[in-house]
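Trainee: here is a sequence together with a model predicted from it:
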There are 2 protein chains.
Amino acid sequence: MIRVLWPGKTKNWELRRLIETYRQRIEKMITFELVETREARGLGDEATEMTKIKEAGYLKKLLKDDYVVCLSDRGKEMSSIEFAHWLQRKLATNSRPLTFIIGGYAGLADEIMARANELLSLSRMTFSHELCRLLLLEQIYRSLTQMKGWPYAK
Amino acid sequence: MIRVLWPGKTKNWELRRLIETYRQRIEKMITFELVETREARGLGDEATEMTKIKEAGYLKKLLKDDYVVCLSDRGKEMSSIEFAHWLQRKLATNSRPLTFIIGGYAGLADEIMARANELLSLSRMTFSHELCRLLLLEQIYRSLTQMKGWPYAK
């Protein structure tokens, strides 16, 4: 089982639609849960620490014995092939949910980062947190199609 | 001046809209030209070499003394900060157009790769060529806002 958690709904509607497309595709291939957890609102741009701590609280409630992978610029970079092999191995050897967490606008609190079993980086470049949501789902879908030997658009 | 070339229109309409949004934003900040060159159609999935060669012909016609940067998985990876510094340096020291080329479905022909002054990689992961279009424009826009000291959504 794969889970993906992030705080707040995707505001950009084109990205929201694209994410929804990949969610539906992934759901046809594997037990998959995407949860948009509660967002800390109205704290203002200066209160990033408080935002992260509040959002960590909402995220934590959903974690039990999950194998947690946080997206982070300090994480490990993998090629798509390496990621597909890694994903296949994790799914084969874990009965626990494999849970990816993407931070919101303010990022992830230290507490959540400390809970992570692994850190993953999608790129050395920084993309907006909403775009990272799409990139992760695209990459999970790509890996699953590869495992099944399906063709996938380049 | 920044130019971006790729063969064929973006078929996914959400991506097309997102790309258009970034194109408009970039155009407000710098002389910018985005050209969707002619696509080689109807050659079938087996004819990737022929597709690449045909599309290279259309791309080449648009290149004069351009400083060409091809997107490639063999390219150099940069962080967003490094990319912004690199972009600033290129724009400051080049009077020639700075031209990014992204391959189509079949990729870029050797002839175009050989014409490149530099190769750039957006990620160790492979994303669809249409998604790469969005990622490149997002990253150019991010760099330009940073150069101007504007705030940019994380």
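Mentor: Everything's here; your move.
Trainee: correct me, but residue A:76 touches residue A:118?
Mentor: Yes - applying Cβ atoms under 8 Å, one finds residue A:76 in contact with residue A:118, separated by 7.0 Å. Bear in mind the C-beta positions are built from the backbone N, C-alpha and C, glycine included.
Trainee: the lengthiest strand in chain A: what's the following helix or strand?
Mentor: The residue-count maximum for a strand in chain A (DSSP state E) belongs to strand A:67-77. Next helix or strand after strand A:67-77 toward the C-terminus (DSSP states H and E): helix A:80-93.
Trainee: quick one, that next one and strand A:67-77 angle?
Mentor: 160 degrees (axes from the mean of the first three to the mean of the last three Cα atoms, to 10 degrees).
Trainee: how far off centre is whichever helix or strand comes after helix A:80-93?
Mentor: Sequence-wise, the next helix or strand downstream of helix A:80-93 (DSSP H and E) is strand A:98-101. Averaged C-alpha coordinates place strand A:98-101 at 6 Å from its chain's average position (Cα atoms, centre = their mean, to the nearest Å).
Trainee: as a quick check, tell me the outermost residue of chain A.
Mentor: residue A:46 (25.0 Å; Cα atoms, centre = their mean).
Trainee: tell me what the lengthiest helix in chain A is packed against?
Mentor: If you go by DSSP state H, chain A has its longest helix at helix A:129-148. Counting contacts by 3 or more Cβ pairs under 8 Å, 6 or more residues apart in numbering or on different chains; DSSP states H and E, helix A:129-148 is packed against strand A:2-7, helix A:13-27, helix A:80-93, helix B:129-147.
Trainee: repeat that with 10 Å
Mentor: If contacts are counted by 3 or more Cβ pairs under 10 Å, 6 or more residues apart in numbering or on different chains; DSSP states H and E, helix A:129-148 sits against strand A:2-7, helix A:13-27, strand A:32-37, strand A:67-77, helix A:80-93, strand A:98-101, helix B:13-27, helix B:129-147.
Trainee: the shortest one pairs with which strands?
Mentor: Sheet neighbours of strand A:98-101, with direction, are listed as strand A:2-7 (parallel), strand A:67-77 (parallel) (DSSP bridges).
Trainee: got the buried residues for the longest strand of chain A?
Mentor: Using 16 or more other Cβ atoms under 10 Å in any protein chain shown as the test for burial, strand A:67-77 gives A:67-72, A:75, A:77.
Trainee: low pLDDT regions in chain A?
Mentor: A:45, A:152-154 (pLDDT under 70).
Trainee: residues contacting the nearest residue to residue A:123 once chain neighbours are set aside?
Mentor: Distance criterion Cβ to Cβ, 6 or more residues apart in numbering or on different chains; nearest residue to residue A:123, sequence neighbours excluded, is residue B:123 at 3.7 Å. Taking Cβ atoms under 10 Å, 6 or more residues apart in numbering or on different chains as the criterion, residue B:123 is in contact with A:77-80, A:121-125, A:127, A:135, A:139, B:73, B:77, B:132, B:135.
Trainee: give me the common contacts of residue A:76 and residue A:118.
Mentor: By Cβ under 10 Å, 6+ apart, the residues touching both residue A:76 and residue A:118 are A:69, A:86.
Trainee: and what about the residue nearest to residue A:123, helix, strand or coil?
Mentor: Three-state assignment for residue B:123 (DSSP: H, G, I helix; E, B strand; the rest coil): coil.
Trainee: how close does it get to residue B:7?
Mentor: As judged by Cβ to Cβ, to the nearest Å, residue B:123 and residue B:7 stand 21 Å apart.
Trainee: and what of residue A:136?
Mentor: Where residue B:7 is concerned, residue A:136 sits at a distance of 27 Å (Cβ to Cβ).
Trainee: the two: which is more packed in?
Mentor: Using other Cβ atoms under 10 Å in any protein chain shown as the criterion, residue A:136 and residue B:7 rank with residue B:7 on top: 25 against 21.
Trainee: any idea what that one is bridged to?
Mentor: In beta-bridge terms (that is, DSSP bridges), residue B:7 pairs with residue B:37.
Trainee: pretty sure it sits against residue B:61.
Mentor: No - if you go by Cβ atoms under 10 Å, residue B:7 and residue B:61 don't touch, sitting 12.0 Å apart.
Trainee: what do these two both touch?
Mentor: B:37-38.
Trainee: how distant is the longest helix of chain A from the center of its chain?
Mentor: 9 Å.
Trainee: for stretch A:4-20, same thing?
Mentor: 11 Å.
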